[in-house]
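Visitor: give me a 3D structure for the following:
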Amino acid sequence: MIQSINSDNTIIKTENLFKQYGYGTNSITVLKNISISINKGEIVSVMGPSGAGKSTLLHIIGCLDTFQGGSVQILHQDISPFSYDELSGFRNKHIGFIFQMHNLMPEFTALENAMMPLLIKRQSYTKAKQKAFKLLEHFGVADRANHRPSELSGGECQRIAVARALITEPDIILADEPTGNLDRKNSDILIELLLKNCVEEGSTVVIVTHDQYIASKTQRVITLIDGTIQTDVNN
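Guide: Okay, here's the model as predicted:
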């Protein structure tokens, strides 16, 4: 049963979030009492060394992983008691993911890959195609619309993956090392285009990154070390 809580401008909130993998002497604690609040329209980066818990935090916020302690509120909903199906439905409706690997479907064209989330929602094929093409134009890959992933560069594939994540106009965009496989030039282009689109749409963005340049483009930087918040500062 999904239960609403009092609403304000905070749309991502964790309180004393605790996460571990395994049990007993074999358990590994990944997140220790993480408390953060992120407002609507905020663009936040999460940094820290490998193994600090960055991706785990992102996956919990994105309803892709569970947790053992504390609470998580997304869009004024307490997701703690959600069932697997409720988490999935909530995620598909409100959250867009961008991963380090583009995960495009090889048998479909760039345009078809970008359209797919709308087709899954049973929206009009014509409208989905128009919207997808417009996003491909925004990301500078409209001329590659009819090419399959094997015919595209890594930078082109990642731009298409970003278009796919944005096409449903999600309230929250979560990106896990979205430029980790790109060179400096393509990384800079992708981040500039992504943030420009999100600012225009008023989306809330959380980016996990090791890249100081990307972090400098966000409004706020949260640094995790050993599963705890080391710093949380505004740029």
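Visitor: all strands for this structure, in order.
Guide: Per DSSP state E, the chain carries strands over the ranges 10-21, 28-39, 43-47, 69-74, 77-78, 95-99, 172-176, 204-208, 220-225, 228-234.
Visitor: worst mean pLDDT among those strands?
Guide: Of all the strands of the chain, the minimum mean pLDDT falls on strand 95-99 (a mean of 89).
Visitor: helix or strand with the lowest mean pLDDT in the protein?
Guide: None of the helices or strands of the chain scores lower by mean pLDDT, DSSP states H and E than helix 184-201, at a mean of 85.
Visitor: mean neighbour count and distance to Ser124 added to the strands of the chain, as CSV?
Guide: C-beta here means a position set from N, CA and C on the backbone, and glycine is covered the same way. As requested, those are arranged in CSV below (neighbours: other CB atoms under 10 Å; distance: least, CB to CB, whole Å):
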stretch, mean neighbour count, distance to Ser124
strand 10-21, 18, 29
strand 28-39, 18, 33
strand 43-47, 23, 31
strand 69-74, 18, 29
strand 77-78, 16, 29
strand 95-99, 21, 20
strand 172-176, 24, 24
strand 204-208, 24, 27
strand 220-225, 20, 38
strand 228-234, 13, 42
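Visitor: pull the least confident helix or strand of the chain out as PDB, backbone CA atoms only.
Guide: Only the C-alpha atoms of helix 184-201 are listed here, as PDB (Å, rounded to 0.1, in the frame of the first residue of the first chain):
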ATOM      1  CA  ARG A 184      37.200  14.100 -22.500                       C
ATOM      2  CA  LYS A 185      35.600  15.700 -25.500                       C
ATOM      3  CA  ASN A 186      32.600  13.400 -25.700                       C
ATOM      4  CA  SER A 187      32.200  13.500 -21.900                       C
ATOM      5  CA  ASP A 188      32.100  17.300 -21.800                       C
ATOM      6  CA  ILE A 189      29.600  17.400 -24.700                       C
ATOM      7  CA  LEU A 190      27.300  14.800 -23.200                       C
ATOM      8  CA  ILE A 191      27.200  16.500 -19.700                       C
ATOM      9  CA  GLU A 192      26.600  20.000 -21.200                       C
ATOM     10  CA  LEU A 193      23.700  18.600 -23.200                       C
ATOM     11  CA  LEU A 194      22.300  16.600 -20.400                       C
ATOM     12  CA  LEU A 195      22.400  19.400 -17.900                       C
ATOM     13  CA  LYS A 196      21.000  21.900 -20.400                       C
ATOM     14  CA  ASN A 197      18.000  19.600 -21.000                       C
ATOM     15  CA  CYS A 198      17.400  19.000 -17.300                       C
ATOM     16  CA  VAL A 199      17.500  22.700 -16.400                       C
ATOM     17  CA  GLU A 200      15.000  23.400 -19.200                       C
ATOM     18  CA  GLU A 201      12.700  20.700 -17.900                       C
END
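Visitor: off-centre distance for it?
Guide: 14 Å (CA atoms, centre = their mean, to the nearest Å).
Visitor: show me what contacts Ile34?
Guide: Neighbouring residues of Ile34 by CB atoms under 8 Å, 6 or more residues apart in numbering: Thr14, Asn16, Leu17, Phe18, Gly53, Leu57, Gly70, Leu224, Gly227, Thr228, Ile229.
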